[in-house]
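Colleague: below: sequence and its predicted model.
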Amino acid sequence: MSLAKLKPLTLAAKSTLNHKPMSKTTINLSILETHLPKCQNLKQFNPILSQMILTGFIRDTYAASRILKFSTDSSFIHIDLSLRIFNLIEDANGFIWNTMMRAYIQRNCPQKALNLYKLMVDKNADPDNYTYPLLVQACAIRVSEFEGRQIHNHILKTGFDSDVYVQNTLINMYAVCENMSDARNLFDEIPVLNPVSWNSILAGYVRAGDAEKAKLIYDRMPERNTIASNSMIVLFGRTGCVTEACRLFNELPEKDMVSWSALISCYEQNEMYEEALALFLRMVANGVMVDEVVVVTVLSACARLSIVRTGKLIHGLVVKIGIEAYVNLQNAFIHMYSSCGEILAAQKLFNAAYHLDQISWNSMISGYLKCGLVQKARTLFDSMPEKDIVSWSAMISGYAQHDRFSETLALFQEMQLLGIRPDETTLVSVVSACTHLAALDLGQWIHAYIRKNGLKINVFLGTTLINMYMKCGCVENALEVFQGTAEKGVSTWNALILGLAMNGLVEKSLEMFSEMKKCGVAPNEITFIGVLGACRHMGLVDEGRRHFDSIVQEHKIEPNVKHYGCMVDLLGRAGMLKEAEELIESMPMTPDVATWGALLGACKKHGDHDMGERIGRKLIELDPDHDGFHVLLSNIYASKGNWDDVHEIREIMVQHGVVKMPGCSMIEANGIVHEFLAGDNKHPQIEEIEKKLDEMAKKLRMEGYAPDTNEVSFDIDEEEKETALFRHSEKLAIAFGLICTSPPTPIRIIKNLRICNDCHTAAKFISKAFSRDIVLRDRHRFHHFKQGSCSCKDYW
DNA sequence: TTAGGGTTAG
């Protein structure tokens, strides 16, 4: 800022000083010293400054240093005014330079302090013993080892390296820059160590997470002090040693604000949110000062626990002690309120905020999304002055979390068009949307993007990619991702185990389960859904029972209703209907409809029409809106030729307004997803498809295929049944796949319901007659058809 | 003058 642009300084004559007005000509040191400390605003300060300038008193180096120091220490004086005063001083000494540098450092502008030093060197001004500690501190704040080393070289040249303050700040600077070896070398060279050097090196090791060296230093310290103990509490917190942290805290003879804060954050980091809150309340009750740092921590605990009451209490406290203006606190409050579902309170803060930073905007968007207010989030998103990667990711993942997958991909495309680079987190949501939409092409493109741009496949991204490939039937690619993922969490293993089982690779799935345990990864509830699912897909009853028992006995996990459902399905499919029903009776929780449904499916499969009828009747009572159960029951009646009952069930369905979900098959060709319903004739290429269906029918008959008309539950004649069968959605999709894709690409189809018996048989024949692999995902699992057989080995 | 505590947005 240039001087000319600023308002002229007010003269003393116009002064409104409430103490004795100053005469124009008499300003001298003693007047300066009596008047200056009494200044409380610019109106009182400016006349003194003007006088000094007018009288030339500013040329007195000592007087100049006094007024500059006063200006930098006063909160009502902007640093730009201090700089203007500084620039007026012709013969600045070391003290004056240091004062200006310190002012910049205190206002978090370390770069400007370093720039001043360059100017100082240009002007041949002499640094003193105060100058270098300030500069080294500036480098530490910037975490710039490069600049720090340059300053260090100057220190060696000027001989200030023997100054104890210089030594301590250098140790701290290297430690902050995570260069512990240089920090340690300096530390070892200091002839007489002082508490600050010990504390600095200790803090460095704690920051670096080197627990061993930190403990060694702490043990060797000649005298322990609160600062060192606080560092150790932090170390214990980070390494999960909560008990040690507590012990050290309790043994401290003098606890300061940081000691309390350190233990609170220790609780926070170890997910002991209740303890964090309790300790904070104790801290307040004990009259310990509270600052914005610790409040941010406890607000996060309130958010985690969804305790808005304590959050509000803290809000009151913060207002009372007058620290509510901190931007970080504002953000923490917006986050806390929206996490607790108090979106209006969050909104109020957001609207009232004097300065909105990026985090406030992003917190607000994610708050709306958490509450399901997707459109509100979008409106805010669109009105943001600046969107960063977090804003985009929040909105994209918001769509994905509310099952709006097309919008997820659309927004991702918009982001791409604007040239904004997605990161790992963004891609997790996008890949997940691809999985739901079966958009394998885009999914593969993203995987390539990740590799090309060197993005890290972390636990989340790895799990999502494995899941996507598995759900698209690309087992090889999924395995490749698994092998390439360095960071494997329990979810990574789960995706693998579930995916392999789903794709019919049951032995491999169970093998991976053993492998997982060998690697020391503890299985969770979801793992066992996968393991029991694997057994279920191959009818491994004994193995399934063993795993089921191990859930409680070995892994101390309480089996949930889904685990019971898996077991009922496993027993039922294997024909052990009685045992399955007994297991349902013995469940410690109320069985859900899915569990009964599994038993009903088993009755249908094994032709136990009596039990089927009993269970079916119960189920349509339990869940009168469920289409599948009505259809199953009706099919059971149909297979007995019991058309009266079939009609009764249809009648009930009409009465309840239950509509059978139509079978729908999706196939992706050249980046476009095509959908087919049973008997569909709306596709633009329907004529070609019809021709292909005829060709298929002919070829299949020659291969020995006979339609299985048991699948058609209508009271119609056999020929009509055959025609209806050949219009099943999966057959339409296969015909379309034969037209639109060429080998060796497999025909990939996704069906919303389970594949029917006849389509399963037909698909096997087609895979042989047309020499095409068909990968079909149904509601439950995958079928890989290849040269006349299916990966499910006909057990499904 | 130097040393210790933190989190919030996907």
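Modeller: Looks like it came in fine.
Colleague: list the contacts for the residue nearest in space to the middle of chain A?
Modeller: Per Cα atoms, centre = their mean, the C-alpha nearest to the average position across chain A is that of A:Thr425, at 6.5 Å. The contact partners of A:Thr425, taken as Cβ atoms under 8 Å, 6 or more residues apart in numbering, are A:Ile389, A:Ser393, A:Ser397, A:Phe460. Every residue, glycine included, has its C-beta placed from N, CA and C.
Colleague: could you pull out the strands for the stretch 601-750 of chain A?
Modeller: Ranges of strands within the stretch 601-750 of chain A are A:664-669, A:672-677, A:747-751, based on DSSP state E, counting those that start in this stretch.
Colleague: which of the contacts of A:Thr425 are buried, as a PyMOL select command?
Modeller: Listed next is the PyMOL selection for buried residues among the contacts of A:Thr425, using 16 or more other Cβ atoms under 10 Å:
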select buried, chain A and resi 393+397+460
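Colleague: so which of the contacts of A:Thr425 also contact DNA strand B?
Modeller: Among the contacts of A:Thr425, the ones lying near DNA strand B by Cβ under 7 Å from any atom of the strand are A:Ile389, A:Ser393, A:Ser397.
Colleague: low-scoring stretches of chain A, by residue?
Modeller: A:1-25, A:671, A:710-721 (pLDDT under 70).
Colleague: how near is A:Ala125 to A:Asn98?
Modeller: Between A:Ala125 and A:Asn98 the distance is 11 Å, computed by Cβ to Cβ, to the nearest Å.
Colleague: which of these two has more neighbours?
Modeller: Between A:Ala125 and A:Asn98, counted using other Cβ atoms under 10 Å, A:Asn98 has the larger neighbour count: 25 against 18.
Colleague: hmm, the more buried one is touching A:Tyr132, no?
Modeller: No. Counting by Cβ atoms under 8 Å, A:Asn98 sits too far from A:Tyr132 to count as a contact (9.9 Å).
Colleague: which members of the contacts of A:Thr425 are the farthest-apart pair?
Modeller: Comparing all pairs in those by Cβ to Cβ, the longest separation belongs to A:Ile389 and A:Phe460, at 15.3 Å.
Colleague: now A:Leu36: phi and psi?
Modeller: For A:Leu36, the backbone dihedrals (degrees, to the nearest 10) come out as phi -50, psi -50.
Colleague: now it: closest residue in space, sequence neighbours ignored.
Modeller: Taking Cβ to Cβ, 6 or more residues apart in numbering, and ignoring the residues beside it in sequence, A:Leu36 has A:Phe70 as its nearest neighbour in space, at 5.1 Å.
Colleague: for that neighbour, give its distance to A:Asp357.
Modeller: Taking Cβ to Cβ, one finds A:Phe70 at 32 Å from A:Asp357.
Colleague: which outside residues touch the host helix or strand of the residue nearest to A:Leu36?
Modeller: For A:Phe70, the host element (DSSP states H and E) is helix A:61-73. Helix A:61-73 has contacts (Cβ under 8 Å, 6+ apart) with A:29, A:32-33, A:36-37, A:39, A:45, A:48-49, A:52, A:57-58, A:77, A:79, A:81-82, A:85-86, A:88-89, A:91-93, A:95-96, A:99-100, A:102-103, A:106.
Colleague: repeat that for stretch A:430-440.
Modeller: The contact list for stretch A:430-440 (Cβ under 8 Å, 6+ apart) reads A:396, A:399-400, A:403, A:405-406, A:408-409, A:412, A:422, A:442-443, A:446, A:461, A:464-465, A:467-468, A:471-472, A:474, A:666, A:668, A:673, A:748, A:750, A:777.
Colleague: weed out the non-buried ones from those residues.
Modeller: Buried subset of the contacts of stretch A:430-440 (neighbour count, 16+ other Cβ under 10 Å): A:396, A:399-400, A:405, A:408-409, A:412, A:422, A:442-443, A:446, A:461, A:464-465, A:467-468, A:471-472, A:474, A:666, A:668, A:748, A:750, A:777.
Colleague: leaving out the residues flanking it, which one is nearest to A:Phe381?
Modeller: Of all residues not flanking A:Phe381 in the chain, A:Met395 sits nearest, at 4.8 Å (Cβ to Cβ, 6+ apart).
Colleague: strands of chain A, residue ranges please.
Modeller: With DSSP state E as the criterion, chain A has strands at A:664-669, A:672-677, A:747-751, A:774-777, A:782-786, A:789-790.
Colleague: now the fifth one against strand A:747-751, angle please.
Modeller: Between strand A:782-786 and strand A:747-751, the angle comes out at 150 degrees (axes from the mean of the first three to the mean of the last three Cα atoms, to 10 degrees).
Colleague: near DNA strand B, which residues of the stretch 101-250 of chain A?
Modeller: With Cβ under 7 Å from any atom of the strand as the criterion, the stretch 101-250 of chain A meets DNA strand B at residues A:129-130, A:133-134, A:137, A:140, A:164-165, A:168-169, A:172, A:176, A:195-196, A:199-200, A:203, A:206-207, A:225-227, A:230-231, A:234, A:237.
Colleague: write a ChimeraX command that selects only the buried members of those residues.
Modeller: Entered in ChimeraX, the line below selects the buried ones among these, by 16+ other Cβ under 10 Å:
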select /A:130,133,134,137,140,164,165,168,169,172,176,196,199,200,203,206,207,227,230,231,234,237
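Colleague: walk me through the domains of chain A.
Modeller: Domains of chain A are assigned by automatic domain parsing as A:391-487, A:495-555, A:560-660, A:664-790.
Colleague: residues touching stretch A:583-602, excluding its own?
Modeller: Here stretch A:583-602 makes contact (Cβ under 8 Å, 6+ apart) with A:560-562, A:564-565, A:567-569, A:571-573, A:575, A:577, A:580-581, A:608, A:611-612, A:615-616, A:618-619, A:622-623, A:626, A:628-629, A:632-633.
Colleague: now stretch A:308-315
Modeller: Stretch A:308-315 is contacted from outside by A:277, A:280, A:295, A:298-299, A:302-303, A:324, A:333, A:336-337, A:340-342, A:345, using Cβ under 8 Å, 6+ apart.
Colleague: please check those and keep the buried ones.
Modeller: Counted by 16+ other Cβ under 10 Å, the contacts of stretch A:308-315 give A:277, A:280, A:295, A:298-299, A:302-303, A:324, A:333, A:336-337, A:340, A:342, A:345 as buried.
Colleague: can you flag which of the residues you listed belong to helices?
Modeller: When DSSP state H is applied, the buried ones among the contacts of stretch A:308-315 are split such that A:Leu277, A:Phe280, A:Val295, A:Val298, A:Leu299, A:Cys302, A:Ala303, A:Phe333, A:Met336, A:Tyr337, A:Ala345 fall in helices.
Colleague: run a quick neighbour tally on A:Trp361.
Modeller: Neighbourhood size, A:Trp361 [other Cβ under 10 Å]: 25.
Colleague: roughly how far apart are the nearest residue to it once chain neighbours are set aside and DNA strand B?
Modeller: The shortest distance from A:Trp361 to any non-neighbouring residue, by Cβ to Cβ, 6+ apart, is to A:Met384 (5.4 Å). With distances taken as Cβ to the nearest atom of the strand, to the nearest Å, A:Met384 is found 11 Å from DNA strand B.
Colleague: without its sequence neighbours, what residue ends up closest to A:Leu532?
Modeller: That would be A:Cys566: by Cβ to Cβ, 6+ apart, it lies 3.8 Å from A:Leu532.
Colleague: pretty sure the one you found contacts A:Gly530?
Modeller: No. Contact between A:Cys566 and A:Gly530 fails when scored by Cβ under 8 Å: they sit 9.6 Å apart.
Colleague: ok and the residue in the stretch 401-550 of chain A nearest DNA strand B?
Modeller: Ranked by Cβ to the nearest atom of the strand, the top residue of the stretch 401-550 of chain A for proximity to DNA strand B is A:Thr425, at 3.6 Å.
Colleague: enumerate every residue touching the residue of the stretch 651-796 of chain A found nearest DNA strand B.
Modeller: Residue of the stretch 651-796 of chain A nearest DNA strand B, by Cβ to the nearest atom of the strand: A:Val673 (25.3 Å). By Cβ under 8 Å, 6+ apart, the residues touching A:Val673 are A:Leu437, A:Ala438, A:Ala439, A:Met666, A:Ile667.
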